[in-house]
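Enquirer: Need coordinates for the following:
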Amino acid sequence: MRRIRLTALLLLVACDNPMTTPVAMSISMSPAELSFTAIGQTASLVATVKDHNGAPMSAMIEWMTTDESVASISSEGPVSSITVTSVGTGTATIVASSHPVAVSAAVTVVQDSGATVVP
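Expert: Below is the predicted model of the structure:
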């Protein structure tokens with residue numbers, strides 16, 4: 001009986017594989033910059049978080065814009081893709097972060113003299 005308990009204990013220890021939580025090591029954003037020629041235009045940004053092996057991983061992504069009067073984002077939250085809308089002329093930066101890494105995309109809005117405002 002003692003031998004069975006010892007064998008069972010050894011099997012449990014051998015099978016014990018603690019789950020490790022993957023850590024974000026890099027994040028990329030596509031495209032790296034956006035240019036708008038009219039107010040009200042939209043474009044999508046996609047962020048990809050990668051683990052220590054360079055493999056894409058599921059992770060919470062937080063988004064922010066540095067100037068909401070130039071570029072607004074569809075939502076702030078743990079989504080990998082957002083919509084950016086031009087709301088005024090100027091420049092802004094869209095930042096995607098997944099602790100402990102972050103990446104940014106430059107946004108430029110220059111309204112052409114012949115461009116019409118998109119409702």
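Enquirer: Can you show me the helices along this protein?
Expert: Ranges of helices in the chain, per DSSP state H, are 2-15.
Enquirer: Please name the nearest non-neighbouring residue to A102.
Expert: Counting by C-beta to C-beta, 6 or more residues apart in numbering, A102 lies nearest to V95, which is 5.8 Å off, once chain neighbours are set aside. For glycine as for every other residue, the C-beta is placed from the backbone atoms N, C-alpha and C.
Enquirer: Contacts only, for that neighbour.
Expert: V95 makes contact with W63, M64, T65, T66, A102, V103, S104, according to C-beta atoms under 8 Å, 6 or more residues apart in numbering.
Enquirer: and of these, the nearest to V23?
Expert: Lowest distance from V23 to the contacts of V95 (C-beta to C-beta) belongs to A102, with 14.2 Å.
Enquirer: Is the closest one bridged to anything, and to what?
Expert: S97 (DSSP bridges).
Enquirer: my guess is it meets I27, correct?
Expert: Yes - assessed by C-beta atoms under 8 Å, A102 is found in contact with I27 at 6.7 Å.
Enquirer: shared neighbours, these two?
Expert: A96.
Enquirer: all strands for this protein, in order.
Expert: 26-30, 33-36, 42-50, 62-65, 71-73, 81-86, 90-98, 101-109 (DSSP state E).
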